[in-house]
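# Provided below for reference: sequence and predicted model.
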Amino acid sequence: MAKTIKWGIAGLGNIARKFAGDLKGVAQAELIGVASTSRDRAKAFQKEFDGQKAYDKYEDLYRDPEIEVIYIASLNQNHKAMTMAALEAGKGVLCEKPLGLNTKEIKAMVALAKKQNCFLMEALWSRFNPAIQKAKQWIEEGYIGEPKFLYAEFSFYRLNIDSSHRLLDPKKGGGVLLDLGVYPLFLAYLILGRPKNIVAQSILGSTGVDVQTSMILQYENAQAVLYSGIANESDNHARVGGTEGEILLHGFWHNAQKVELKKIGATTQEDFPSEGNGYVPQIKEVNCCIAAGKKESELWSHQDALELGQMVEQVFEKIKEK
Ligand SMILES: NC(=O)c1ccc[n+]([C@@H]2O[C@H](COP(=O)([O-])OP(=O)(O)OC[C@H]3O[C@@H](n4cnc5c(N)ncnc54)[C@H](OP(=O)(O)O)[C@@H]3O)[C@@H](O)[C@H]2O)c1
């Protein structure tokens, strides 16, 4: 029987709730402890998701001897400090995306994970989405010939939110590139790899962070057109066009439940109904890695997180150019 992995969660907001709901449905995962800056929030969360212990100090969660891996679900600006503290305490870490605000932070986190010999992964959950895995497999097996064009976006209307919201507040690592743009960049990286060049432009909102960012990625023999924004509604699909066909991931593609292969005269479709909120495959991957004593995932490695961070940094450089 597979080993049960003992989890902790630090930072108990929206995404932690969705994640904990999925964790509950994974047989080989047990929620040992949760920690929040608010004792009441910790207590209520522990009760709702059948955790064993509630802490009002993150440090107490990191020090809990029963816990093997901690999911860091706080805001972007806290990812590095919280991950470092959990690693220092000898815990494995699954940290929300983006792993760091920049590559300097990511490198420091990876270096400490290696020094401490602890597991570390960026919670790039779409990497484990079965429909996206199928799309990648079809492309690698040549179903669409040579991939030439990739289109992906992640956008919805949210310009009406308060300026203190994490999406708009620069002190909270706000802006659509860090929050949403990492997903289309991830898909381009997964399918086409590192680009030779990136062109990007943004529209900045009243708080100074980007609220719309468009990117063109130039490869030796292919191009990708990517978009992230909170200024418009969208069907949020992604597609990859090749010399012999096209693959479609229907919206919201980053949690796709269906993948479609279109060739002249023939369409094939495979359905992958989401398990829970879509985080189950990621949780199972972390469980498998920890059970096997691995310190990183082969599917979303430290190098992958770093290279995605480098692409984000390149986009930021372009945005700043006027
Ligand atoms: N994987 C996904 O699908 C997905 C989706 C949305 C967001 N995210 C990522 O998940 C992270 C959290 O997003 P979220 O939507 O869950 O955020 P949220 O609900 O606004 O806040 C999450 C937690 O951040 C902590 N926090 C620290 N400083 C804070 C401050 N100044 N104001 C408010 N909260 C603060 C709080 O933890 P305490 O409980 O300890 O007080 C809060 O509960 C972000 O890094 C985001 O990029 C991922």
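Yep, that arrived. What you are looking at is a predicted structure, and each value in this text was computed from that prediction instead of being measured.
# use CA for all of it now, contacts and neighbours both
Will do.
# Closest residue of the stretch 201-322 of the chain to the ligand?
Y279 (7.9 Å; C-alpha to the nearest ligand atom).
# Likewise for the stretch 101-250 of the chain?
Closest to the ligand within the stretch 101-250 of the chain is D179: 5.0 Å, counting by C-alpha to the nearest ligand atom.
# gap between that residue and Y157?
Counting by C-alpha to C-alpha, to the nearest Å, the separation of D179 from Y157 is 14 Å.
# Look at the two and report which has more neighbours.
Taking other C-alpha atoms under 10 Å, D179 and Y157 do not tie; D179 has more neighbours (18 against 13).
# Would you verify that that one is located in a strand?
No. Judged by DSSP: H, G, I helix; E, B strand; the rest coil, D179 forms no part of a strand; its state is helix.
# which residues sit in contact with it?
Counting by C-alpha atoms under 8 Å, 6 or more residues apart in numbering, D179 makes contact with 97-98, 167.
# quick check, nearest of these to W300?
Checking those against W300 by C-alpha to C-alpha gives K97 as the nearest, at 12.0 Å.
# quick one on the thing from earlier: keep only those of the contacts of D179 that are also close to the ligand.
Contacts with the ligand within the contacts of D179, counted by C-alpha under 6 Å from any ligand atom: K97.
# Any chance of the contacts of D179 in CSV with neighbour count and pLDDT as columns?
Below are the contacts of D179 laid out as CSV (neighbours: other C-alpha atoms under 10 Å; pLDDT from 0 to 100):
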residue, neighbour count, pLDDT
K97, 23, 98
P98, 27, 97
L167, 26, 96
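# what mean pLDDT does stretch 35-49 have?
For stretch 35-49, mean pLDDT rounds to 98.
# er, stretch 189-197 I mean
The pLDDT scores in stretch 189-197 average 98.
# G8: which element?
Applying DSSP states H and E as the criterion places G8 in strand 5-10.
# Correction: the previous question concerned V211.
Here V211 sits within strand 210-218, counting by DSSP H and E.
# which secondary structure elements does that strand contact?
Judged by 3 or more C-alpha pairs under 8 Å, 6 or more residues apart in numbering; DSSP states H and E, strand 210-218 is in contact with helix 176, strand 197-204, strand 223-229.
# what is the orientation angle of the last one with strand 210-218?
Interaxial angle of strand 223-229 relative to strand 210-218 (axes from the mean of the first three to the mean of the last three C-alpha atoms, to 10 degrees): 170 degrees.
# which residues sit against strand 223-229?
Applying C-alpha under 8 Å, 6+ apart, the external contacts of strand 223-229 come out as 148-157, 176-177, 180-181, 184-185, 188, 211-218.
# The second one too?
Strand 197-204 is contacted from outside by 210-219, 314-315, 318-319, using C-alpha under 8 Å, 6+ apart.
# and those residues, which are buried?
Taking 16 or more other C-alpha atoms under 10 Å as the criterion, what is buried in these is 210-219, 315, 319.
# rewinding a little: among the contacts of strand 197-204, list the two that are farthest apart in space.
Among the contacts of strand 197-204, V211 and Y219 lie farthest apart (C-alpha to C-alpha), at 26.1 Å.
# still on that earlier bit, return the per-residue confidence for the residue of the stretch 101-250 of the chain closest to the ligand.
In this model, D179 carries a pLDDT of 97.
# Beta-bridge partners for E270, please?
V259 (DSSP bridges).
# Am I right that it is in contact with A256?
No. In this structure E270 lies outside contact range of A256 using C-alpha atoms under 8 Å: 10.8 Å.
# any shared contact partners between those two?
With C-alpha under 8 Å, 6+ apart as the test, E270 and A256 both reach A131.
# which one of these two has more residues nearby?
Each of E270 and A256 has its neighbours counted (other C-alpha under 10 Å); A256 has more, 23 against 13.
# and that one, what is it in contact with?
Listed by C-alpha under 8 Å, 6+ apart, the contact set of A256 reads 129, 131-132, 249-250, 272, 274.
# how about a cut-off of 6 Å?
For A256, the contact set (C-alpha atoms under 6 Å, 6 or more residues apart in numbering) comprises A131.
# Show the pLDDT at it.
For A256, pLDDT reads 97.
# what about the spatially closest residue to Q269 that is not a sequence neighbour, neighbour count?
Closest residue to Q269 in three dimensions, ignoring its sequence neighbours and counting by C-alpha to C-alpha, 6 or more residues apart in numbering: E260, at 4.3 Å. Residues near E260, counting by other C-alpha under 10 Å, number 19.
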